[in-house]
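**Student:** the following comprises the amino acid sequence and a computationally predicted model.
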Amino acid sequence: MKIFISWSGQKSGSFAEELKPWLEQVLPGTEVWSSIDDIDKGDIWFTEIIDGLKTCHCGVVCVTRDNLAAPWLNFEAGGMVKGLGKAHVAVIALDMDYDELKQPLSLFNALHLNRVGAWHLVKSFNKLSERPILDRVLERTFEKFWPDIDGAYRLLFPDSHKRIQGAEPLRIAPKPTDMVFGNPPPSKAKGRRKSIEEPAPDEQPDLFNGGKK
């Protein structure tokens, strides 16, 4: 499986640089594409990014208040929608609340990088893999490496890190009918608590609504 990370700006780029190896550690066998590491000097960056989008199976967009309206971030988001479909892209709201997201980014499901939000992200990527890791193995690996990405996030976004600890980990984007008729997005399902404080697998909202390709 190949994951595309979209970023723009110094802080977003610094976080993406930490997220890439972390995902590859937690999900062995996964390749994460990011322009930080995967475009060599002398390459035509536009072509390389388009090729990266074409070869990826799912994507994540690292959004901050500073890059919310960045043309390139929104271009990559649009490219992911065209190549991957909306159901295989998620937004990480690094220093902002969900209601601050604007279209097209508000059309994606979003998460805060607290422990539960990060666990949903990892599990959702794993579901799209051709060879998914057993949940009990994945949870053990997540627990081992969680402090690494949590520490990097705290260092880059100290105020936001503190604020989101008790925040809703996921925002499931309303479907078009929900937006038309004013229905609220699905709330976090209730179920028997697991060790990572999440709903039961058959009741939890799926970050990537499309499931497997």
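**Tutor:** Ah, there it is.
**Student:** scan this structure for its longest helix.
**Tutor:** In the chain, assigned by DSSP state H, the helix with the most residues is helix 135-156.
**Student:** report the helix or strand with the lowest average pLDDT across this structure.
**Tutor:** Every helix and strand of the chain was ranked by mean pLDDT, DSSP states H and E. The lowest is helix 176-181, at a mean of 38.
**Student:** where does the protein dip in pLDDT?
**Tutor:** Applying pLDDT under 70 to the chain flags residues 35-55, 81-87, 175-206, 209-213.
**Student:** which residue ranges of it form strands?
**Tutor:** In the chain, the strands defined using DSSP state E lie at 2-6, 31-33, 58-63, 89-93, 109-111, 170-171.
**Student:** what's the longest one packed up against?
**Tutor:** Using 3 or more Cβ pairs under 8 Å, 6 or more residues apart in numbering; DSSP states H and E, the elements in contact with strand 58-63 are strand 2-6, helix 10-26, helix 71-84, strand 89-93, helix 115-128. Just so you know, the C-beta spots here come from the backbone N, C-alpha and C atoms, and that holds for glycine as well.
**Student:** send the alpha carbons of the third one over as CSV?
**Tutor:** What follows is helix 71-84, C-alpha atoms only, in CSV (Å, rounded to 0.1, in the frame of the first residue of the first chain):
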residue,chain,number,x,y,z
PRO,A,71,-3.1,26.9,-3.7
TRP,A,72,-0.8,23.9,-3.9
LEU,A,73,-2.3,22.1,-0.9
ASN,A,74,-5.8,22.5,-2.4
PHE,A,75,-4.4,21.3,-5.8
GLU,A,76,-3.1,18.2,-4.3
ALA,A,77,-6.3,17.6,-2.4
GLY,A,78,-8.2,17.9,-5.7
GLY,A,79,-5.8,15.5,-7.3
MET,A,80,-6.4,13.0,-4.6
VAL,A,81,-10.1,13.2,-5.0
LYS,A,82,-9.8,12.6,-8.7
GLY,A,83,-7.3,9.8,-8.4
LEU,A,84,-8.3,8.2,-5.1
